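A.B. asks: Give me a 3D structure for the following:
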Amino acid sequence: MSGKMQLVKFSRVFLCLVVFRDLWPTYSDALAVSQGKLLRPTLITTVSDANLVYEFLLRGLVIDEDDNVGMQDEEMASMVKGRVFLNLINDDIPKTVPAMEELLVLIEEEEQSFEQDHFQTLILGIIYSAYQAREKKEESQQQAWTGVLGRLANATLVQLRKS
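C.D. replies: The predicted structure follows:
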């Protein structure tokens, strides 16, 4: 099986887990809006959202020299969910191995379950790390990103078991 197909299947499993994880509180969102608080956009709230993100991954992502993520399919990138996906992955995900490891330390030390934003960051971090591990030419960089990817996947499974 090719590396791209393994990446896509791996991502699909985690996206499905996200959809069935009870992390999308509707009452607290309504309360936050009624109190005038700004909410960060939520990428995946339904199975069709997860399928759409899966389509983003199937059609391909690219990482430019500035570590910004883009979509190969311009039509999908122009969709509302496409723009939300790119905004979240480019603005909220650490772009270096040390920064990602710092995030992982914070995640692994948390005793309580994640909030929606934290879990979303985990999933997007998995996607970004998987692409970086595949794209890097130097073996040491590939190993570093693969290590981060494994820790992110483990943290995700730990949080799923807690819920």
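A.B. asks: which parts of the host helix or strand of E75 are buried?
C.D. replies: Here E75, judged by DSSP states H and E, is contained in helix 74-78. By neighbour count on 16 or more other C-beta atoms under 10 Å, the buried set for helix 74-78 is 76-77. (Glycine included, C-beta is placed from N, CA and C.)
A.B. asks: helices or strands next to it in the packing?
C.D. replies: helix 47-59, helix 80-92 (3 or more C-beta pairs under 8 Å, 6 or more residues apart in numbering; DSSP states H and E).
A.B. asks: Those helices into CSV, with extra columns for distance to L122?
C.D. replies: Formatted as CSV, the helices and strands packed on helix 74-78 follow (distance: least, C-beta to C-beta, whole Å):
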stretch, distance to L122
helix 47-59, 14
helix 80-92, 11
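A.B. asks: would you list those in JSON lines and tack on distance to T156, mean pLDDT and mean neighbour count?
C.D. replies: Supplementary listing: the helices and strands packed on helix 74-78 in JSON lines, determined by distance: least, C-beta to C-beta, whole Å; pLDDT from 0 to 100; neighbours: other C-beta atoms under 10 Å:
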{"stretch": "helix 47-59", "distance to T156": "14", "mean pLDDT": "90", "mean neighbour count": "17"}
{"stretch": "helix 80-92", "distance to T156": "16", "mean pLDDT": "93", "mean neighbour count": "17"}
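A.B. asks: Show me what the helix holding E75 is in contact with.
C.D. replies: Helix 74-78 has contacts (C-beta atoms under 8 Å, 6 or more residues apart in numbering) with 55-56, 59, 70-71, 82-83, 86.
A.B. asks: List just the nearest of those to N154.
C.D. replies: F56 (24.1 Å; C-beta to C-beta).
A.B. asks: tally of neighbours for F119?
C.D. replies: Using other C-beta atoms under 10 Å, F119 has 23 neighbouring residues.
A.B. asks: can you pull the buried residues of the helix or strand containing it?
C.D. replies: F119 belongs to helix 116-135 when assigned by DSSP H and E. If you call a residue buried by 16+ other C-beta under 10 Å, then helix 116-135 has these buried ones: 116, 118-134.
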